[in-house]
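1. Give me a 3D structure for the following:
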Amino acid sequence: MKILCGYNVNIDSVYRINGAEISELLKSFEKAQILEKMENPPGKILSESDFVAGLVYCMKNGCGAEWLVFEQGVFEFLKNRYLEKSIVRMGGNAGIMANVLSEMGASRVVPNVAVPSETQLSLFSKKAVYFPGTPLQADKEPGKVNPEDESIKNTQESEDARKSEDAHKSEDAHNARTGSTGTSRTQDPIHFVFDFSEGETFSLYGKEIRVPRENRFIATCDHLNFRLFTSAAFENYALDNAGEMDGALISGFHLLLDTYPDGSTYGEYLENSFSRLKTWKSKNENLRIHVELGHFASRDIANSVFLKSAGISDSIGMNEDELAIFNYLHGVPAESLLRMEAESIGKAACKLAFMNGLERLFIHTREFVLTVSGPDSGNSDSSGISEKWDEKKWKDRESPALLKEAGKIIEAMSFGQKCAGAYAASGKLEGREFMEKEALKLQESEIGRKQLQLFLKAFGGAACGRGAYALMEGCMLCILPTLLCKSPITTVGLGDTLTAGTFLRGLELDVQT
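-> Below you'll find the model as predicted:
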């Protein structure tokens, strides 16, 4: 399988922070300032106190978040205080997915890399990842450089430099007007990831706080990916080779901002991105595009990304938090979705898919994975609902076609779960044999099993392997309990790992059948 991965690739500096450190850190900041920012979270980081307030807010509530850092001084604070103590590894949805695809058997994986520094490139899998503009060692004699390749590479590097310069011009103008130091254009894009564990306790100015759930807070120093920056090398390769690619995994939209320092909005970056996807699709109607969502800065951005994705992608992925954002569309209360109730998630996902004529909607939670599949996508009528949804393709629960499709979907989800579980347990993926071996040590989620039983009852479903499937509103729902390890080495990137594994196996099964 040959797969494109865009758009966000960065470096993750992962640090597990404990309660004692938080208690000590809080002593350096005024109580009123921190508590006020926890009451009204700024959602971005312009000062060290913004960072502390965001981290403490997430730990207090057991929730996750990602805030962008806009000041060089804060970047230096985070770098000096935590980088050397951190685990440095691949970051960004596209980067993580590219590594999973490479290790799990894809034949060529082409990622978009905003800053191709030595550190950044060293974090990629060595098996199947290909950087356009750089001669493939496997294709050429060791040490031999093709002059034509060097010429192409130099041209692309010049174009990348120009695009990067353009992306920063508005920041420079804004900084000159306001006196802000901004962030350095020459630095690697680093996302400082702070993992915290359930049960950790800390003192919030005399009040003991116990962390209710493991999660993470991310302070992101990255001013290219938040504009969906694409390198000229990646753009040219994708355009020239779209016809021979099997799939494209697209992510990073959650980094978009409502407005930028120069007054521009997310709309133009979003439009450019989806125009690019449409061009790829026009060159290869069999190219399967999956768009993975994330934690958005606003509902407006989330809504725009979702609606545009529905119009071009073959599948869309999200977790229960992200599904809850769209409760104004599907009408299911957010509380039940956040509690990971399979019936509520199934109804919400089915309503979203039906309203927008989606071919597939993929919901991944900690306890189970649920997929909604509609009939093959077709032309939409004036209401936006795919005409083929009205055909009610899935009618008979016992039909051979339905059973075959359910089996394929559940097998793909199972493969993705094994990838995620093995990665959580070991902190690495080293091929399918390694993954299968590690997966044997995992345990099926007890909550997931209970939700599967409730799913069967609520939708009149039928068992299929470890999972189950059901019919609703002319679409098929499939559910599968997740595989968990008791003491995960990492929780970062598990959703991306699961998604990439599921996507790859789904492509393989489509080709085989």
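2. helices and strands of this structure: which one bottoms out on pLDDT?
-> Every helix and strand of the chain was ranked by mean pLDDT, DSSP states H and E. The lowest is helix 147-178, at a mean of 43.
3. all helices of the stretch 151-300 of the chain, in order?
-> Counting by DSSP state H, counting those that start in this stretch, one finds helices in the stretch 151-300 of the chain at the ranges 232-241, 266-283, 299-312.
4. what about the longest one, distance to the chain center?
-> Okay, so that is helix 266-283. Mean-position distance between helix 266-283 and its chain equals 18 Å (C-alpha atoms, centre = their mean, to the nearest Å).
5. relative to helix 299-312, how tilted is it?
-> Going by axes from the mean of the first three to the mean of the last three C-alpha atoms, to 10 degrees, helix 266-283 is angled at 10 degrees with respect to helix 299-312.
6. and if you look at the shortest one?
-> Compare the direction of helix 232-241 with that of helix 299-312 by the same axes, to 10 degrees and you get 30 degrees.
7. So what's the gap between helix 232-241 and the chain middle?
-> For helix 232-241, the distance to the chain centre is 22 Å (C-alpha atoms, centre = their mean).
8. likewise stretch 91-104?
-> Chain-centre distance of stretch 91-104: 10 Å, with C-alpha atoms, centre = their mean.
9. now do stretch 504-513
-> 22 Å.
10. for stretch 341-356, same thing?
-> In terms of C-alpha atoms, centre = their mean, the centre of stretch 341-356 is found 20 Å from the chain centre.
11. so which of the helices of the stretch 151-300 of the chain comes closest to residue 373?
-> Comparing the helices of the stretch 151-300 of the chain against residue 373 with C-beta to C-beta, the closest turns out to be helix 299-312 (14.4 Å). For glycine as for every other residue, the C-beta is placed from the backbone atoms N, C-alpha and C.
12. Check what contacts that closest one and list those residues.
-> Residues outside helix 299-312 that contact it (C-beta atoms under 8 Å, 6 or more residues apart in numbering): 253, 256, 258, 266-267, 270, 274, 277-278, 281, 289, 291, 293, 296, 316, 322, 325-326, 328-329, 356-358.
13. What residues does residue 7 make contact with?
-> 94, 112, 225, 228, 229, 230, 250, 251, 252, 273.
14. burial measure for the closest residue in space to it that isn't next to it in sequence, as a count.
-> In space, and not counting its chain neighbours, residue 7 is closest to residue 252: 4.3 Å by C-beta to C-beta, 6 or more residues apart in numbering. When neighbours are counted by other C-beta atoms under 10 Å, residue 252 registers 27.
15. right, and residue 252 touches residue 222 too?
-> No. Counting by C-beta atoms under 8 Å, residue 252 sits too far from residue 222 to count as a contact (9.8 Å).
16. quick one: which of the helices of the stretch 151-300 of the chain is nearest residue 26?
-> Of the helices of the stretch 151-300 of the chain, nearest to residue 26 by C-beta to C-beta is helix 299-312, at 31.2 Å.
17. what comes into contact with the next helix or strand after that closest one?
-> Proceeding C-terminally, helix 299-312 gives way to strand 315-318 as the next helix or strand, assigned by DSSP states H and E. Strand 315-318 has contacts (C-beta under 8 Å, 6+ apart) with 288-293, 306, 309-310, 358-364, 495, 499, 503.
18. could you point out where the stretch 1-150 of the chain is predicted with low confidence?
-> Residue ranges of the stretch 1-150 of the chain with pLDDT under 70: 134-150.
19. rewinding a little: would you mind checking the contacts of helix 299-312 for buried ones?
-> For those, a burial check counting by 16 or more other C-beta atoms under 10 Å picks out 253, 256, 266, 270, 274, 277, 281, 289, 291, 293, 296, 316, 322, 325-326, 356-358.
20. you'd agree residue 4 is up against residue 249?
-> Yes. Judged on C-beta under 8 Å, residue 4 makes contact with residue 249 at a distance of 7.3 Å.
21. Excluding covalently adjacent residues, which one is nearest to the residue nearest the centre of the chain?
-> For the chain, residue 93 is the residue whose C-alpha lies nearest the centre (C-alpha atoms, centre = their mean; 4.4 Å). Using C-beta to C-beta, 6+ apart and skipping the chain neighbours, the partner closest in space to residue 93 is residue 251 (3.5 Å).
22. residue contacts, that neighbour?
-> 6, 7, 8, 93, 94, 97, 291, 292, 293, 294, 496.
23. how about these in a markdown table, adding distance to residue 130?
-> Listed next are the contacts of residue 251 as a markdown table, based on distance: C-beta to C-beta, whole Å:
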| residue | distance to residue 130 |
| --- | --- |
| 6 | 14 |
| 7 | 17 |
| 8 | 18 |
| 93 | 19 |
| 94 | 14 |
| 97 | 15 |
| 291 | 22 |
| 292 | 21 |
| 293 | 26 |
| 294 | 25 |
| 496 | 19 |
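24. Relative to residue 58, which of those is nearest.
-> Each of the contacts of residue 251 was scored against residue 58 by C-beta to C-beta, and residue 294 proved nearest at 15.5 Å.
25. Test my guess that that closest one contacts residue 92.
-> No. Residue 294 is not in contact with residue 92 according to C-beta under 8 Å; the separation is 10.8 Å.
26. what touches both of those two?
-> Common contacts of residue 294 and residue 92 (C-beta under 8 Å, 6+ apart): residue 252.
27. neighbour-wise, which of the two wins?
-> Per other C-beta under 10 Å, whichever of residue 294 and residue 92 has more neighbours is residue 92, with 30 against 22.
28. Check the gap between the more buried one and residue 220 for me.
-> 10 Å (C-beta to C-beta, to the nearest Å).
29. Mind listing the shared neighbours of the two?
-> With C-beta under 8 Å, 6+ apart, residue 92 and residue 220 have common neighbours 10, 191.
30. which ones are touching residue 61?
-> Contact analysis of residue 61 by C-beta under 8 Å, 6+ apart lists residue 212.
31. Straight-line length of stretch 99-108, end to end?
-> The straight-line separation of the ends of stretch 99-108 (C-alpha to C-alpha, to the nearest Å) is 11 Å.
32. can you list the residues that contact that stretch?
-> Residues outside stretch 99-108 that contact it (C-beta under 8 Å, 6+ apart): 1-3, 5, 90, 109, 123-130, 249, 419, 423, 429-432, 435, 496-497, 500-501, 503-504.
33. what do you get for stretch 74-89?
-> Taking C-beta under 8 Å, 6+ apart as the rule, stretch 74-89 contacts 11-15, 45-48, 50-51, 69, 119, 123, 183-184, 187, 190, 192, 219, 221.
34. still on that earlier bit, show only the entries of the contacts of strand 315-318 found in strands.
-> In strands, defined here by DSSP state E, the members of these are 288, 289, 290, 291, 292, 360, 361, 362, 363, 364.
35. May I see those residues arranged in JSON lines, with pLDDT and distance to residue 196 as well?
-> Output for those, formatted as JSON lines (pLDDT from 0 to 100; distance: C-beta to C-beta, whole Å):
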{"residue": "288", "pLDDT": "97", "distance to residue 196": "36"}
{"residue": "289", "pLDDT": "97", "distance to residue 196": "35"}
{"residue": "290", "pLDDT": "98", "distance to residue 196": "30"}
{"residue": "291", "pLDDT": "98", "distance to residue 196": "29"}
{"residue": "292", "pLDDT": "97", "distance to residue 196": "24"}
{"residue": "360", "pLDDT": "96", "distance to residue 196": "33"}
{"residue": "361", "pLDDT": "97", "distance to residue 196": "30"}
{"residue": "362", "pLDDT": "98", "distance to residue 196": "27"}
{"residue": "363", "pLDDT": "98", "distance to residue 196": "25"}
{"residue": "364", "pLDDT": "97", "distance to residue 196": "21"}
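36. Thank you, goodbye.
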